[in-house]
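> Below are the sequence and a predicted model for it; my questions follow.
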Amino acid sequence: MTATAAPAAIPVQAGERVWYVDRAGKVAFVRALTEADSFCDGLAAARTDAWGYLAGGGEWQIEPQFDDAHAFSEGAAAVAVDGRWGFIDPRGQPTAAPQFAALHRLCEGVAPAAIDGRWGFVSRDGTFAIAPRYDDAFGFCHGVARVVRGQRTGFVDRSGAEVVGWFEDAGDFADGLAPVRIGDGWGFADRSGRLAIGAAWREAHPLCEGLAAVHGDHGWGFVAADGRPAIAPAHLGVQRFSEGRAGFQAGDGGGWGFLGRDGRVAIEPRYAMVVPFRGGVAVVWDGDGVCVIDRTGKVVFRPPAAVD
């Protein structure tokens, strides 16, 4: 077992054991854990009685000692101690002392942070790059970040300038567009704040792999970046596209399966729950419990605890 085996693998949990599995179903390692995340920047947040971080071979790189922990990003991870959040580096050394009521991952050099009931953005040393003056804030994406003031959602750039405009609600930018709510409808705005796709939907999510999930009168479907319908809104629920597959729940209230980009069923809706594909595999729950499937729906791994 090598130190680099696990970062390409995904965690599969059954009871209080977690298997890290690659796309072929090969187990990199298994550990007794109450919770575990995927590898990011070579480390995976995991919990026994407390949170720590695993290295690629399954050994503790940073011993369990935190009340809560987020994934590493841009060389730092947000961790909680005694109800306050700060940052640590991959050696477990603090880069920002625990001082925030809430702290998210670093994205594009800064992270949303809350202090004294207000949200702003901090760098990895804990200094505010954008002063805490909002009711909520989300991570930067393509040079802008969502912020909330009262009942309105807007955007700021890295200088802290408020850009794009203010809306009843909004999602992240992708491919130059962000889903926004105007009145009772959702559409898509460009970086100038202009409505590029009319507010014709009950709900809309950000573009992913060129397609955005939208909720119409008859269910969920997808539109392309130019507003053209791509997959008819006929499903009870959908997930974002990932590696050419999107989870969907059949309109009759049945199970979950996966759609292809052409809207055809790629994997039949026979699961109680599904997770988006990553590295060619997806974690799903069927009648026998949790398992891992490939792009064809073939089971490549099932934890022994989930086998009758």
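Received the coordinates, thanks. Numbers count the residues shown, from 1 in each chain.
> How much space separates the nearest residue to residue 29 once chain neighbours are set aside from residue 68?
In space, and not counting its chain neighbours, residue 29 is closest to residue 58: 3.3 Å by C-beta to C-beta, 6 or more residues apart in numbering. Where C-beta positions appear, they are placed from N, C-alpha and C, glycine not excepted. The gap separating residue 58 from residue 68 is 22 Å, by C-beta to C-beta, to the nearest Å.
> per-residue pLDDT, residue 9?
Residue 9 is assigned 86 on the pLDDT scale.
> What does it show for phi and psi?
Here is the backbone geometry of residue 9 (degrees, to the nearest 10): phi -100, psi 170.
> begin at 42 from here
New numbering, starting at 42: the last item is residue 50.
> quick one: which helix or strand includes the closest residue to it other than its chain neighbours?
Counting by C-beta to C-beta, 6+ apart, residue 61 is the residue found nearest to residue 50 once chain neighbours are left out, at 4.1 Å. Element membership of residue 61, judged by DSSP states H and E, is strand 58-62.
> What of residue 237?
Here residue 237, judged by DSSP H and E, is contained in strand 236-242.
> Which strands border that strand, and is each parallel or antiparallel?
Sheet pairing for strand 236-242, assigned by DSSP bridges, gives strand 226-230 (antiparallel).
> which parts of the strand it pairs with are buried?
The neighbour-count check on strand 226-230 (16 or more other C-beta atoms under 10 Å) flags 227, 228, 229, 230 as buried.
> now stretch 289-307
Within stretch 289-307, the residues that count as buried by 16+ other C-beta under 10 Å are 289, 290, 291, 296, 297, 298, 299, 300, 302, 304, 307.
> Could you work out the most separated pair of those?
Farthest-apart pair in the buried residues of stretch 289-307 is 296 and 302; separation 21.0 Å (C-beta to C-beta).
> what about the nearest residue to residue 285 once chain neighbours are set aside, is that helix, strand or coil?
Spatial nearest neighbour of residue 285, chain neighbours left out: residue 302 (5.7 Å); criterion: C-beta to C-beta, 6+ apart. Following DSSP: H, G, I helix; E, B strand; the rest coil, residue 302 is assigned to coil.
> wouldn't residue 302 be in contact with residue 284 here?
No - Residue 302 is beyond contact range of residue 284, at 10.5 Å (criterion: C-beta atoms under 8 Å).
> quick revisit: just checking, what packs against whichever helix or strand comes after the strand holding residue 61?
Note on strand 58-62: by DSSP H and E, the next helix or strand toward the C-terminus is strand 68-73. Where contact means 3 or more C-beta pairs under 8 Å, 6 or more residues apart in numbering; DSSP states H and E, strand 68-73 is packed against strand 58-62.
> elements contacting the strand it packs on?
Packing partners of strand 58-62 (3+ C-beta pairs under 8 Å, 6+ apart): strand 51-55, strand 68-73, strand 340-342.
> can you map out the helices along the protein?
In the chain, no segments count as helices under DSSP state H.
> Quick check: which ranges of it have low pLDDT?
In the predicted model, the chain carries pLDDT under 70 at residues 42-48, 346-349.
> Now for the closest residue to residue 174 other than its chain neighbours: which residues touch it?
Leaving aside its sequence neighbours, residue 174 sits nearest to residue 159 (C-beta to C-beta, 6+ apart; 5.9 Å). Contacts for residue 159 (C-beta atoms under 8 Å, 6 or more residues apart in numbering) come out as 173, 174, 175, 176.
> hmm, 7 Å instead?
By C-beta atoms under 7 Å, 6 or more residues apart in numbering, residue 159 lies in contact with 173, 174, 175.
> gap between the second one and residue 205?
Think residue 174. With C-beta to C-beta as the criterion, residue 174 and residue 205 are 17 Å apart.
> Please enumerate the strands of the stretch 242-349 of the chain.
244-249, 252-257, 260-265, 270-276, 278-283, 286-290, 297-300, 306-312, 314-315, 322-327, 330-335, 340-342 (DSSP state E, counting those that start in this stretch).
> Just want the angle from the fifth one to strand 322-327.
In terms of direction (axes from the mean of the first three to the mean of the last three C-alpha atoms, to 10 degrees), strand 278-283 departs from strand 322-327 by 160 degrees.
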